[in-house]
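Peer 1: fold the following.
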Amino acid sequence: MAIKGSLREASLPDVLQLLSMGKKTGCLGVTHRGSFGYVYFAEGKIAHASIVNRRDRIGELLVKVGSITDAQLRSAIEAQETHRDKRLGELLVELGHITRDALHELVRVQIEEAVYQMFTWNEGTFNFEAGVRPDPHEVLVSIGPESLMLEGARRVDEWGVIEKKITSFDMVFEADLSKLAALPSNFALTTEQQTVLQHVDGRRDVAHIVESSGLAEFAVGKALYGLMIAGLIIRVGSSTKAAAPVTGAKVEEHRNLGVAFYRSSMYEEAFREFRRVLELSKDDARALFYVGTMHLRQGHWAEAITAYQSAAAHADARAAVFHNLAIAFERVGNYPEALSALGEAKRRSGGTDARIQTSIGVVSLVMGDVAAADAAFSAAKALWRPQPSAVWYHYAGLSAATLGDLARAQEILEEGMARHPHAAPLHNNLAVLLERRGAYDEALAAGERGLAEDPTIPQLHKNIGDLYYRAGRHDEAFEAYQRAIRADEKLGGDVYLKLGNIRLRRRQRVEAAQCWERALDLDPGNAIVRTNLEALKRAS
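Peer 2: Take a look at the predicted model:
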């Protein structure tokens, strides 16, 4: 469940402490004016944090502290051109320019600095989405939020003083050379002040000093504040920011924000940013893909199809575009188009994507081509790394059962439960299969294990009710059916038929009639229900 709120009502340190105490795992997205940051948690510990559109500068920082040379940085950047899936820091380690420990320490400092910067945000919103994890290529850490609280509180207090002088990041300063020359010999500047002074030239604004110095915003602001108070620098104006080219930085800025909002499940904000991208560049493929994906997640199938079809018009559209387009077509029942899109997705992925191959099996199964589905699932299993998903086991088992190979279907489902023990639908499927094979006690045990994993699945309650009913345990069947229809009141006419039968056994004739009438509403052609109602009327 998402946790949302306003930073005016709950400070960020309070939110972090709450998530830490609850040992939460997920992503906390934080907005502040035009900025957006996110903090990923793993079991209550901070695993990663960043502020969008603020350059990480890992390479530049390593050069500044002398850990690598300019030439080594350039070689890593060149290597990244052919390894776009790898972070610069990871390539620096692989090339032997830095140690992994040095990379992790730098990333840790960057994460802490991002959190400290967000501590100073006192207006905006926050949104925590459970279960969301960082990009698998990110370097992760494990930091207890409580260890950052004291330093964060100190910085918040200091920043409140600093921003009275450094009111915006577009301020431009110039050094007072005469005062610097007249400094007494016992007047010592801090290391940060010395670094900042090298970049105070009457042209760079505060944002550019942050960029060029390699220091964090807080360190630059504190240094500038000290230099201002000492009279060693003076403000000479503000920067004039030129409008970004339509296809340049502005598009990238909105796109980055949109992706960050999407990853934090803040879809309204993500839609806003991607709409801005498309206003500036109407055919932006990444924006169209994310718009389609958000529509897909929200069940807006027609809108998802429109967005994906626009993205698919690009010659270099990725396999994921066609895969997701197929999912949207499948949801609206357009199976031929779904299969066609999956064929293109398979071609563009080189036929090595297990998820695409599994989806081909699912659509083939829905279309009634069970043999093709079974072949597709067999091909998909060889592609899964490290092991097939619970979805694969669900449909592969269903395919084998539909072919009448119940022994193989049971083998598939039991293997799936061993690898995905918390997947309640697999327990449910096994319960149905065991019932078909006449193993009623084992079927009931499988269904009960499924309910222990997820008691919200109506079909599980219904199936357990059927097993109790078959065994003559009518009171327990009645309770199971009641739970089923509380979860989904339109579950099926056969549920109300059996509820009516149990009511009649209890001599509750009026209630029995009501159950059978509800069964007819859901299944008007049910002859058994009509016969029961007519018999009840004749007996009254």
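
Peer 1: for Val30, grab phi and psi.
Peer 2: For Val30, the backbone dihedrals (degrees, to the nearest 10) come out as phi -130, psi 130.

Peer 1: that one and Ala260, how far apart?
Peer 2: Distance, Val30 to Ala260, by C-beta to C-beta, to the nearest Å: 10 Å. Where you see a C-beta, it was placed from the backbone N, CA and C, and this is true even at glycine.

Peer 1: residues shared between the contacts of the two?
Peer 2: 36, 38 (C-beta atoms under 8 Å, 6 or more residues apart in numbering).

Peer 1: quick one: low-confidence parts of this structure?
Peer 2: 1-2, 53-57, 60-61, 64-65, 83-85, 240-249 (pLDDT under 70).

Peer 1: okay, now the domains of it?
Peer 2: Domains of the chain are assigned by automatic domain parsing as 3-155, 163-238.

Peer 1: compute the first-to-last residue distance for stretch 42-62.
Peer 2: Start-to-end span of stretch 42-62 (C-alpha to C-alpha, to the nearest Å) is 28 Å.

Peer 1: name the helices or strands packed onto the helix or strand containing Arg74?
Peer 2: Element membership for Arg74 (DSSP states H and E) is helix 70-82. Counting contacts by 3 or more C-beta pairs under 8 Å, 6 or more residues apart in numbering; DSSP states H and E, helix 70-82 is packed against helix 58-64, helix 88-94.

Peer 1: what's downstream of the last one, the next helix or strand?
Peer 2: For helix 88-94, the succeeding helix or strand toward the C-terminus, using DSSP H and E, is helix 100-119.

Peer 1: check contacts around Pro134.
Peer 2: Pro134 makes contact with 27, 40, 47-48, 140, according to C-beta under 8 Å, 6+ apart.

Peer 1: one more time with 6 Å, if that's ok
Peer 2: Residues near Pro134 by C-beta atoms under 6 Å, 6 or more residues apart in numbering: 40, 48.

Peer 1: so what's the backbone phi/psi at it?
Peer 2: phi -70, psi 170.

Peer 1: just to revisit the earlier point, what residues sit buried inside the helix holding Arg74?
Peer 2: If you call a residue buried by 16 or more other C-beta atoms under 10 Å, then helix 70-82 has these buried ones: 72-73, 75-76, 80.

Peer 1: let's see that helix as PDB, backbone CA atoms only.
Peer 2: This file holds the C-alpha atoms of helix 70-82, laid out as PDB (Å, rounded to 0.1, in the frame of the first residue of the first chain):
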ATOM      1  CA  ASP A  70      41.600  12.200 -17.200                       C
ATOM      2  CA  ALA A  71      42.800   9.600 -19.700                       C
ATOM      3  CA  GLN A  72      41.400   6.800 -17.600                       C
ATOM      4  CA  LEU A  73      38.000   8.600 -17.400                       C
ATOM      5  CA  ARG A  74      38.000   9.100 -21.200                       C
ATOM      6  CA  SER A  75      38.700   5.400 -21.800                       C
ATOM      7  CA  ALA A  76      35.800   4.400 -19.500                       C
ATOM      8  CA  ILE A  77      33.500   6.800 -21.300                       C
ATOM      9  CA  GLU A  78      34.500   5.400 -24.700                       C
ATOM     10  CA  ALA A  79      33.900   1.900 -23.400                       C
ATOM     11  CA  GLN A  80      30.400   2.900 -22.300                       C
ATOM     12  CA  GLU A  81      29.500   3.600 -25.900                       C
ATOM     13  CA  THR A  82      29.600  -0.100 -26.600                       C
END
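
Peer 1: from here on, count from 696
Peer 2: In the new count, where the first residue is 696, that last one comes out as helix 765-777.

Peer 1: centre of the chain versus that helix, how much separation?
Peer 2: 31 Å (C-alpha atoms, centre = their mean, to the nearest Å).

Peer 1: please apply the same query to stretch 1186-1200.
Peer 2: Distance, stretch centre to chain centre, for stretch 1186-1200: 42 Å (C-alpha atoms, centre = their mean).

Peer 1: could you list the buried residues of it?
Peer 2: 1186-1199.

Peer 1: with distance to Val1058 and secondary structure added, can I get the residues you listed in JSON lines?
Peer 2: Output for the buried residues of stretch 1186-1200, formatted as JSON lines (distance: C-beta to C-beta, whole Å; DSSP: H, G, I helix; E, B strand; the rest coil):
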{"residue": "Leu1186", "distance to Val1058": "26", "secondary structure": "coil"}
{"residue": "Gly1187", "distance to Val1058": "25", "secondary structure": "coil"}
{"residue": "Gly1188", "distance to Val1058": "29", "secondary structure": "helix"}
{"residue": "Asp1189", "distance to Val1058": "28", "secondary structure": "helix"}
{"residue": "Val1190", "distance to Val1058": "29", "secondary structure": "helix"}
{"residue": "Tyr1191", "distance to Val1058": "33", "secondary structure": "helix"}
{"residue": "Leu1192", "distance to Val1058": "33", "secondary structure": "helix"}
{"residue": "Lys1193", "distance to Val1058": "34", "secondary structure": "helix"}
{"residue": "Leu1194", "distance to Val1058": "36", "secondary structure": "helix"}
{"residue": "Gly1195", "distance to Val1058": "38", "secondary structure": "helix"}
{"residue": "Asn1196", "distance to Val1058": "38", "secondary structure": "helix"}
{"residue": "Ile1197", "distance to Val1058": "40", "secondary structure": "helix"}
{"residue": "Arg1198", "distance to Val1058": "42", "secondary structure": "helix"}
{"residue": "Leu1199", "distance to Val1058": "44", "secondary structure": "helix"}
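
Peer 1: out of these, who's nearest Ala1015?
Peer 2: Of all these, Leu1186 has the smallest distance to Ala1015: 34.8 Å, by C-beta to C-beta.
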